[in-house]
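Peer 1: Next one to model:
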Amino acid sequence: MSGPQCCENPPTLDPSAGVGSVVELGGLNSYVTGSSDSNLAILLASDVFGFEAPNLRKIADKVAANGYYVVVPDFFYGDPYVSGSSTDDWLQEHGTEKGFEDAKSVIAALKSKGISSIGAAGYCWGAKPVVQLAQSKDYIEAAVLLHPSFLTGDDFKEVKVPIAILGAELDQLTPPEIIKEFEEILSSQSEVDYFVKIFPGVGHGWTIRYNDEDEKAVQSAEEAYQDMLNWFIKNIKN
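Peer 2: Numbering: from 1, shown residues only. Now for the predicted structure:
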């Protein structure tokens, strides 16, 4: 279920990255950024490298600048994937089902603070818990999946909230033909708004694990960020 692309271009983790802070929320340490007075929140579910990835925190800060309270939980409890180690062993210890349960706890904590509308975005590993959240109207109002992993068509048959899927042309884990399969399932459910886009010339992980000196890679990541933000602006409202 995993492959080399899942772990390529590992970030240099930095617990001090970002302008936000780390607090306990719903039983998990979480990077939070933006106004705590906002009643609109966005949850970002990381890839296997976890919540200390600088690019992920940079995205969180940018989303927060648009008026959202943004939360990036540490779903791995201080044990993100370490480049070069066994992905299968790590995934056995860090299943997406646990991520889904933890995400529900974080969302409950947000709602207890008066948050009225919540969106969630999942990167790679994080896409599976976000899809599971999207299968009910009890948790979130909109979802975005970016280079998702560990998903099948069945995951989309029960989706109940607006969902966007951003895929990569060169993704070996979830290639365009699989993304198109997901789109066909969503298109058969007329009551669910959806958006699907395949980004040309990029591979798995392009939205957060890119070379800052590669202008084209940076532009593709920025375009994905803007698509995600636009989806939340459209669907996460007071």
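Peer 1: okay, CA-based contacts and neighbour counts for the rest of this
Peer 2: Will do.
Peer 1: Give the helix, strand or coil label for V72.
Peer 2: Following DSSP: H, G, I helix; E, B strand; the rest coil, the label given to V72 is strand.
Peer 1: all strands for this structure, in order.
Peer 2: 21-25, 28-33, 40-45, 69-73, 117-123, 142-146, 163-168, 194-199 (DSSP state E).
Peer 1: Including mean neighbour count, mean pLDDT and distance to K157, could those strands go into TSV?
Peer 2: Shown next, in TSV, are the strands of the chain (neighbours: other Cα atoms under 10 Å; pLDDT from 0 to 100; distance: least, Cα to Cα, whole Å):
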stretch	mean neighbour count	mean pLDDT	distance to K157
strand 21-25	16	98	31
strand 28-33	23	98	30
strand 40-45	27	98	21
strand 69-73	28	98	27
strand 117-123	26	98	18
strand 142-146	28	98	15
strand 163-168	25	98	12
strand 194-199	18	98	13
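Peer 1: Nearest residue to F195 in space, ignoring adjacent ones along the chain?
Peer 2: A164 (4.5 Å; Cα to Cα, 6 or more residues apart in numbering).
Peer 1: ok, now which ones touch the one you found?
Peer 2: A143, V144, L145, Y194, F195, V196, M228, W231 (Cα atoms under 8 Å, 6 or more residues apart in numbering).
Peer 1: sorry, back to before: redo the strands of the chain as JSON lines? Include distance to L91.
Peer 2: Formatted as JSON lines, those follow (distance: least, Cα to Cα, whole Å):
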{"stretch": "strand 21-25", "distance to L91": "23"}
{"stretch": "strand 28-33", "distance to L91": "19"}
{"stretch": "strand 40-45", "distance to L91": "15"}
{"stretch": "strand 69-73", "distance to L91": "17"}
{"stretch": "strand 117-123", "distance to L91": "15"}
{"stretch": "strand 142-146", "distance to L91": "19"}
{"stretch": "strand 163-168", "distance to L91": "22"}
{"stretch": "strand 194-199", "distance to L91": "27"}
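Peer 1: do you know which of the ones you listed lies nearest N9?
Peer 2: strand 117-123 (14.5 Å; Cα to Cα).
Peer 1: what's the angle between the closest one and strand 163-168?
Peer 2: 20 degrees (axes from the mean of the first three to the mean of the last three Cα atoms, to 10 degrees).
Peer 1: Mind listing what's buried along the helix or strand of the chain with the lowest mean pLDDT?
Peer 2: Every helix and strand in the chain was compared by mean pLDDT, DSSP states H and E; the lowest is helix 87-93, with a mean of 91. Within helix 87-93, the residues that qualify as buried are T87, counting by 16 or more other Cα atoms under 10 Å.
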